[in-house]
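Peer 1: turn this into a model:
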Amino acid sequence: MTSPNPKVAPVPKGFRSITASLSVQDVSAAIAYYTNAFAAEVIDTLSAPDSDEMLHAQIKIAGTTLLVTLNKAALPTAGTGHVTLHHYLDDIEGTYESAIDAGALPESPLVATWWGDLNASLIDPFGIRWNLAKRVERLSKDEKDARLKELYLGAVPEQTADATALGDHAETFSAIDAKEPAEN
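Peer 2: Now for the predicted structure:
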């Protein structure tokens, strides 16, 4: 699979090649905590269309970008919330195959996403989830919002029909029926 636009940098501005993604039950509460406890700076947030429920946030703590992602199955009191390493890279296809050849289990195949990345995820032999990504489209916030709204509330475009295209967000969106609001 090749990049639709070779002029798009494979790593988005503000990110390092590897970024931690924190899965939490309440993104808004997590942002409030990280802001109060560690002086986190909120860079961007994403809420469900027609809802106040926050699905995702990008924050910075001590100059490091972190992603905070909704996962209703995370159980912080049991210590079972999880961290996913989000790895932006240029050779996503080769790295995905190399990781599997070295013992990783594929979690989702390489697919184009609604937010403009090629994306795949796998679990390494030590149980760590890796989300591999390459930015292939530069989209405005309005374009991303329109794609999300179409996915969340309406017909799913051909390129994002598979919920695995959502990587860490798959748990959030996989149970969404186009005619019913999410109940995750």
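Peer 1: sketch out the low-pLDDT regions of this protein for me.
Peer 2: Across the chain, the ranges flagged by pLDDT under 70 are 1-6, 75-81, 126, 155-184.
Peer 1: and the helices in it, which stretches?
Peer 2: 27-38, 92-101, 141-153, 170-173 (DSSP state H).
Peer 1: so which of those helices is the most surrounded?
Peer 2: helix 170-173 (a mean of 20; mean count of other CB atoms under 10 Å). For the C-beta atoms, the positions are set from N, CA and C on the backbone; glycine is no exception.
Peer 1: any idea how this protein splits into domains?
Peer 2: The chain breaks down by the TED database into domains covering 15-73, 80-155.
Peer 1: what would those domains look like in CSV with distance to V8?
Peer 2: Conversion of the domains of the chain to CSV gives the following (distance: least, CB to CB, whole Å):
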stretch, distance to V8
domain 15-73, 13
domain 80-155, 5
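Peer 1: between those domains, which one is nearest to A9?
Peer 2: domain 80-155 (6.4 Å; CB to CB).
Peer 1: how far out from the middle of the chain is that closest one?
Peer 2: With CA atoms, centre = their mean, to the nearest Å as the basis, domain 80-155 stands 7 Å off its chain's centre.
Peer 1: cool, and stretch 37-50?
Peer 2: Per CA atoms, centre = their mean, the centroid offset for stretch 37-50 relative to its chain is 14 Å.
Peer 1: show residues contacting that stretch.
Peer 2: 14, 27, 31, 34-35, 53-62, 65-66, 145, 148-149, 152-153, 181-182 (CB atoms under 8 Å, 6 or more residues apart in numbering).
Peer 1: give me the distance between the two termini of that stretch.
Peer 2: End-to-end span of stretch 37-50 (CA to CA, to the nearest Å): 30 Å.
Peer 1: with stretch 106-124 instead?
Peer 2: 9 Å.
Peer 1: and if you look at stretch 58-65?
Peer 2: End to end - CA to CA - stretch 58-65 spans 7 Å.
Peer 1: ditto for stretch 9-27
Peer 2: 28 Å.
Peer 1: which outside residues touch that stretch?
Peer 2: So stretch 9-27 is contacted by 3, 30, 43, 45, 54-58, 64-72, 74-76, 81-90, 92, 131, 134-136, 168 (CB under 8 Å, 6+ apart).
Peer 1: from the chain's centroid, how far away is that stretch?
Peer 2: That offset, for stretch 9-27, works out to 7 Å (CA atoms, centre = their mean).
Peer 1: understood, closing this out.
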